[in-house]
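Trainee: heads up, no residue letters with this:
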């Protein structure tokens, strides 16, 4: 090669390399890794010395935690006329109802939807009516909803071999034998939705406390959902993938680690009807369940829309309880918060306390937890870790062929859980200035402990790779071209897993019945994590307190 | 002598190279709008491709330099010459993605053009010209050729010949250079005969297309709109095209006819007057959509109307219809009327946050052909609208054709009813649309079709108005659901109904 050709080749290669590097740099977007509650939460575990208390609050009822259970308890207390209560927000305010904001666009960093409540979920229906989401007939068979909050069409689509199909299990895209098996499965669960035990209660109801205790149905808790499917002859690969997906989506673990009762409960309990929506529809908001948290906090008086409102108000305090003990007059909690100059602490004394925190935290906060019949070593359910990842996009990336962008977008065969579109519920025709795609991934491929350990040592690039798996399948490099930033929330203790045997967990049963100075409210009491269950226990604690 | 021939071909080759780049840039800005973006990205793509071509040229063996040069000239002539015509036809007739075709073509031509100059330099170098002089000469003529075309193209070629024939002309020049090279160097080429045949075939093809290209382009534009385009612009939301044929001015949005000036008075009189004639007390009126200002023109005819708020998403649309002379002549300058406030915002977003009250609302949105548009015809949208209109006031909604899309039409009626409105469906015959439907609605007000009109009408009178509110037996009301956001049945109805009509 002579000098001229060499220079030419070098120039071209250099230009190509520079533009290639520029292209990849252009494709990079800032990624923020958040571990909500980890720092304050791990204070508990590591038992550091706390600074001396700087303030002392006295109140009637103390609610520790501001997730679904805590906010529901606050809403119920306020509704029954109480205003003398304090909510301590906890290490992550709003827990699994947390949300974020990018410009005008809000997005969930936790849970994102609520199925239409069934007849048994009277507490949810009453709440939704109070919050203006049910317009009419809250306790009727078919309530009338404000349609803006019901998921708009198109609800979901599935990516199969590079083509999007309508729905989550499109019959058109599956082999005939598979679709016959699907029909058999869905008519099977439709029957189960109607089944009742000898006590007259539905076999699979939401909340689980309203379900039949009939041993015939409870026996399903003895085996895994995967074992039950095998036993019943459900072997179509697409169906099995889908059912595994639903387990990971709702319980954070695959079908082989989830109780058959829980696996079936997902389908058979969802019998919510509406006059103006299809059966099985869901309620959702741009901020996910963060919208419910806003409305509950407002209804409970924890957020005042009108500053001139002079009525006595409950208080919402920042920080997290590190200890809760019974004293003669009631309860006393020591709480810490991150002040401007480091950790600060304060004390709250109250007549009664609602411990609305996950049980792995309660086990460390509540003094003498064993006295309540709950031994954390024996009774604590396994907790599934999650990644909730938000991608803030300045415009919509170009789509693969097939069905148009839906609210929920799932990739067939993926070990992730797809992504939802935060602006889907907007009433607008032109494109929004920004949209946010929220991708979910339950780390079901590892044991919960190993997954938590991996999460703490994984590099941001590794986390991003896992978090964006489905989005990269759907959009490739075009995602990055539209992405302003990403935010990955690591939820190490995302939710309790309803493993086989979870229905007969005696520790949980004991905590449900606690009715002394300390009461317990959390989705964990049901053995799995959904809004309806958490709200059920929060509601019940508040009712017990206000009727006492 | 031989040197001079090669240098002359450098001049031509450079001219052709720049010409293809300019043609692609001009064509894409013409068809896609946003000329700065189009030109920059095409020049960028083209120059990059030339770099790739220059790199690839090193793989040509020294003894093949001339033969490959001829091949490249023929190929550039073919691709570049036909590029404009092919892109035009792609845009109007094929479903193929236009941008992909455009950039693929620009890249391919760029690679070929990028190989030309290095090959010529090698050919000359091999013929023992001194290197320093050679570089100076080649580059001088390269840049001179570029200068010549950059002046000729906008001043003479594009206006006289059009893009399509300019492309073909340069294609023939490229082929001519190839043929000339064959003639001069036939002794050093391995198979000059075959190359001459190929060159002649390409030349003949380009010449043939050159002769019929006028007809081809006319055919392509006809394929788009049937008539002469007088204005075309792509906005962030849609593509607006205005055509004229004799005295008929037409507006197309994304290829769909919005009005024809010959019969739009029928549509707009029917849309506006039954409601406003019945509300002589109306002082404030809301117009949603209707950025063409034509419904507005009708509204402003009422002296009792003191203020009108028009909400249209597309600022480019309202700008066009308030500045272009033939269009303001058509809408009587309604958008500039002092009583009118124009708000360029998403109507659904605006209505969610507005607190203004109106005595009447004219809803003139595009048909519900997508889930996004379907939200403008949903129960929650009409509930929000109900909060903005006086209880005795009137709302009128353009609602697609009750004849061609009966389920869609009656679904809109059912949706308004579900949102709490009393409804009075009606329809009118608009020749360029066919039988077209509207729904008049009011929360509490009574309504009966007007018996006379206070202002002069071209289409409406008492008799015609009475007929509009009657539905012939061949337009029965099917049983349909209201349009709920949860399933958007209207969008499905609309798609299925029209699918049966349009083949």
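Mentor: Sure thing, it's come through. Quantities reported herein were computed from a predicted structural model and do not represent experimental measurements.
Trainee: Pull out the buried positions in stretch B:97-109.
Mentor: B:98, B:101-103, B:105-109 (16 or more other CB atoms under 10 Å in any protein chain shown). For every residue, glycine as well, the C-beta is placed using N, CA and C.
Trainee: Single out whichever of these has the smallest pLDDT.
Mentor: Ranked by pLDDT, these bottom out at residue B:98 (77).
Trainee: so what secondary structure elements neighbour the strand or helix carrying residue A:378?
Mentor: Using DSSP states H and E, residue A:378 sits within helix A:376-379. Packing contacts for helix A:376-379, counted by 3 or more CB pairs under 8 Å, 6 or more residues apart in numbering or on different chains; DSSP states H and E, involve helix A:359-365, helix A:506-513.
Trainee: right, so the ones you listed: which one is the most enclosed?
Mentor: helix A:359-365 (a mean of 22; mean count of other CB atoms under 10 Å in any protein chain shown).
Trainee: ok so, going back, following the helix holding residue A:378, which helix or strand comes up?
Mentor: strand A:383-393.
Trainee: Strands - which of the buried residues of stretch B:97-109 land there?
Mentor: Assignment to strands by DSSP state E places none of the buried residues of stretch B:97-109 there.
Trainee: Count the neighbours of the residue in the stretch 251-400 of chain A positioned nearest to chain B for me.
Mentor: Closest approach of the stretch 251-400 of chain A to chain B (CB to the nearest CB) occurs at residue A:277, with a separation of 4.1 Å. Neighbourhood size, residue A:277 [other CB atoms under 10 Å in any protein chain shown]: 24.
Trainee: got a markdown table for the helices and strands packed on helix A:376-379, with distance to residue B:116 too?
Mentor: Shown next, in a markdown table, are those (distance: least, CB to CB, whole Å):
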| stretch | distance to residue B:116 |
| --- | --- |
| helix A:359-365 | 72 |
| helix A:506-513 | 79 |
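Trainee: In CSV, list those helices along with mean pLDDT and distance to chain B.
Mentor: Putting the helices and strands packed on helix A:376-379 into CSV (pLDDT from 0 to 100; distance: least, CB to the nearest CB, whole Å) gives the following:
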stretch, mean pLDDT, distance to chain B
helix A:359-365, 93, 36
helix A:506-513, 95, 35
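Trainee: Show me what counts as buried in the helix holding residue A:378.
Mentor: Per 16+ other CB under 10 Å, helix A:376-379 contains these buried residues: residue A:379.
Trainee: Give me the distance from that helix to the chain's centre.
Mentor: How far helix A:376-379 lies from its chain's middle: 23 Å, per CA atoms, centre = their mean, to the nearest Å.
Trainee: Equivalent analysis for stretch A:242-252, please.
Mentor: That offset, for stretch A:242-252, works out to 13 Å (CA atoms, centre = their mean).
Trainee: what's it in contact with?
Mentor: A:168-169, A:185, A:225-226, A:229, A:234, A:253-255, A:257-258, A:262-263, A:266-267, A:384-386, A:410, A:415, A:417, A:440, A:442, A:444, A:494-495, A:497-498, A:528-530 (CB atoms under 8 Å, 6 or more residues apart in numbering or on different chains).
Trainee: Could you confirm residue A:159 falls within a strand?
Mentor: Yes - with DSSP: H, G, I helix; E, B strand; the rest coil as the criterion, residue A:159 is located in a strand.
Trainee: Quick check: residue A:485 is in a strand.
Mentor: Yes - assessed by three-state DSSP, residue A:485 belongs to a strand.
Trainee: What is the subsequent helix or strand relative to the least confident helix or strand in chain A by mean pLDDT?
Mentor: Sorting the helices and strands of chain A by mean pLDDT, DSSP states H and E puts helix A:3-27 at the bottom, at a mean of 57. Scanning forward in sequence from helix A:3-27 by DSSP H and E, the next helix or strand is strand A:31-34.
Trainee: Can you spell out which helices and strands pack onto the next helix or strand after that next one?
Mentor: Per DSSP H and E, the first helix or strand lying C-terminal to strand A:31-34 is helix A:38-46. With contacts taken as 3+ CB pairs under 8 Å, 6+ apart, helix A:38-46 sits against strand A:320-327, strand A:330-339, helix A:359-365.
Trainee: Would you tell me which one of the ones you listed is buried the most?
Mentor: Taking mean count of other CB under 10 Å, helix A:359-365 is the most buried of the helices and strands packed on helix A:38-46, at a mean of 22.
Trainee: Run through the neighbouring helices and strands of that one.
Mentor: The helices and strands touching helix A:359-365, judged by 3+ CB pairs under 8 Å, 6+ apart, are helix A:38-46, strand A:320-327, helix A:376-379.
Trainee: contact partners of the last one?
Mentor: Residues external to helix A:376-379 that are found in contact with it (CB under 8 Å, 6+ apart): A:359-360, A:363-364, A:369, A:505-508.
Trainee: cutoff 7 Å now
Mentor: Residues outside helix A:376-379 that contact it (CB atoms under 7 Å, 6 or more residues apart in numbering or on different chains): A:363, A:369, A:505-508.
Trainee: and the stretch 51-200 of chain B, which residues reach chain A?
Mentor: Counting by CB under 7 Å from any CB of the partner chain, the residues of the stretch 51-200 of chain B close to chain A are B:51, B:54-55, B:58.
Trainee: Those residues, buried ones only, as a ChimeraX selection?
Mentor: The ChimeraX selection below is limited to those of those classed as buried (16+ other CB under 10 Å):
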select /B:51,54,55,58
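Trainee: quick one: which of the residues of the stretch 51-200 of chain B next to chain A is nearest to chain A?
Mentor: Of those, the one sitting nearest to chain A (CB to the nearest CB) turns out to be residue B:55, at 4.0 Å.
Trainee: quick one: average pLDDT of the strand or helix carrying that closest one?
Mentor: Assigned by DSSP H and E, residue B:55 belongs to helix B:35-56. Averaged across helix B:35-56, the pLDDT comes to 88.
Trainee: quick one: residue B:169 from chain A, how far?
Mentor: In this view, residue B:169 and chain A are 31 Å apart by CB to the nearest CB, to the nearest Å.
Trainee: same question but for residue B:106, I mixed them up
Mentor: Using CB to the nearest CB, residue B:106 is found at 16 Å from chain A.
Trainee: sorry, back to before: can you pick out the ones from the contacts of stretch A:242-252 that are in strands?
Mentor: Those of the contacts of stretch A:242-252 lying in strands (DSSP E): A:384-386, A:410, A:440, A:442, A:494-495.
Trainee: Kindly reformat those residues as TSV containing pLDDT, neighbour count and distance to chain B.
Mentor: Below are these laid out as TSV (pLDDT from 0 to 100; neighbours: other CB atoms under 10 Å in any protein chain shown; distance: CB to the nearest CB, whole Å):
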residue	pLDDT	neighbour count	distance to chain B
A:384	94	26	30
A:385	94	25	33
A:386	94	25	28
A:410	96	27	18
A:440	96	23	22
A:442	93	28	27
A:494	90	25	29
A:495	92	26	27
